[in-house]
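**Student:** model the following, please.
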Amino acid sequence: MYIDTHCHLSYHDYPDINKVLEENKSASVDAIIISGCDKDSIIESLDYIKKYSCVYATLGYHPSEASVVTEEDLNNLKYQLLQNKVVGIGEIGLDYHYGKEDRDKQITLFEKQLKIAEEYNMPVVIHSRDATMDTINTLKKFNVTGVIHCYSGSFETAKEYMKLGFSFGIGGVVTFKNSKLSEVVEKIPLERIVLETDSPYLTPHPFRGEVNSSKYLPFIAKKIAETKNLSLEEVAAATTNNAKNIFRIS
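**Tutor:** Prediction:
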């Protein structure tokens, strides 16, 4: 059994949701956690978790939404977090890849959502792009743990996140031929790793160029197994157990 701890599910990317979930099951991906990270995808995610038994969700506002999220939106988020099968807050965080013009707004939104996570005792899924130090310094202000989504940083940075109690979402990037991520994954303890696809993005080798899907999760697990000199079964079992513990999935 595998759990995809971070993916995006939308009719815009997958016209036949039932087919996607059937293909997942055939690949032994028995559960997926979808990310509702703006107003529209939050509504869509809530619909899917009610409709499909294998679908769970994390909800929260991505840093790209920092200029449009209102206090009313955050109050609504608190209510939405109480819905059945919502297992965390995310993806939230900081993203300076395209510039820092809205840095203060991003940090303010991030802190408000971390405060909600603290109050509701929920794990968080962290998006951090070109913003490592601000991300770490902000997390230190709150008593929260969870997953660093789509981790691609150094082992030195990973150690800082581990001091704060975080685990790492490892996805298709680890399979890329020009990626150094496998060297970092080799050093990260297996008990700190969960699997994710971030589909429809970051399709793993050898399927790059195709729309990504949770059905490709075993290829990510296979690369991790090779990197850590473990069996595929060991990686599948450990990462599934890690995901269940973090997101409190029975």
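**Student:** buried residues, stretch 49-64. List them.
**Tutor:** Residues 49, 52, 55-63 are the ones in stretch 49-64 that count as buried (16 or more other C-beta atoms under 10 Å). Just so you know, the C-beta spots here come from the backbone N, C-alpha and C atoms, and that holds for glycine as well.
**Student:** and of those residues, the nearest to residue 115?
**Tutor:** Taking C-beta to C-beta as the measure, residue 60 is the one of those closest to residue 115, at 12.1 Å.
**Student:** the closest one: what's it in contact with?
**Tutor:** 36-37, 77, 89-92, 113, 124-125 (C-beta atoms under 8 Å, 6 or more residues apart in numbering).
**Student:** dump these into CSV; add neighbour count, secondary structure and pLDDT as well.
**Tutor:** Listed next are the contacts of residue 60 as CSV, based on neighbours: other C-beta atoms under 10 Å; DSSP: H, G, I helix; E, B strand; the rest coil; pLDDT from 0 to 100:
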residue, neighbour count, secondary structure, pLDDT
36, 29, strand, 97
37, 23, coil, 97
77, 22, helix, 98
89, 25, strand, 98
90, 29, strand, 97
91, 27, strand, 97
92, 31, strand, 98
113, 23, helix, 98
124, 27, strand, 98
125, 29, strand, 98
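**Student:** TSV for those residues, including distance to residue 214?
**Tutor:** Putting the contacts of residue 60 into TSV (distance: C-beta to C-beta, whole Å) gives the following:
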residue	distance to residue 214
36	16
37	17
77	25
89	21
90	17
91	16
92	22
113	25
124	21
125	16
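**Student:** all helices of the protein, in order?
**Tutor:** Here the chain has its helices, by DSSP state H, at 17-26, 39-51, 71-80, 103-120, 132-139, 155-163, 181-185, 217-228, 232-247.
**Student:** pick the most deeply packed of those helices.
**Tutor:** helix 217-228 (a mean of 21; mean count of other C-beta atoms under 10 Å).
**Student:** residues in contact with that helix?
**Tutor:** 2, 4, 27-29, 170-172, 174-175, 182, 185-186, 190, 193, 195-197, 204-207, 230-232, 234-236, 239.
**Student:** now residue 233: how far from residue 218?
**Tutor:** Computed as C-beta to C-beta, to the nearest Å, the residue 233 to residue 218 distance reads 11 Å.
**Student:** contacts only, for residue 212.
**Tutor:** Residue 212 makes contacts with 172, 197-204, as judged by C-beta under 8 Å, 6+ apart.
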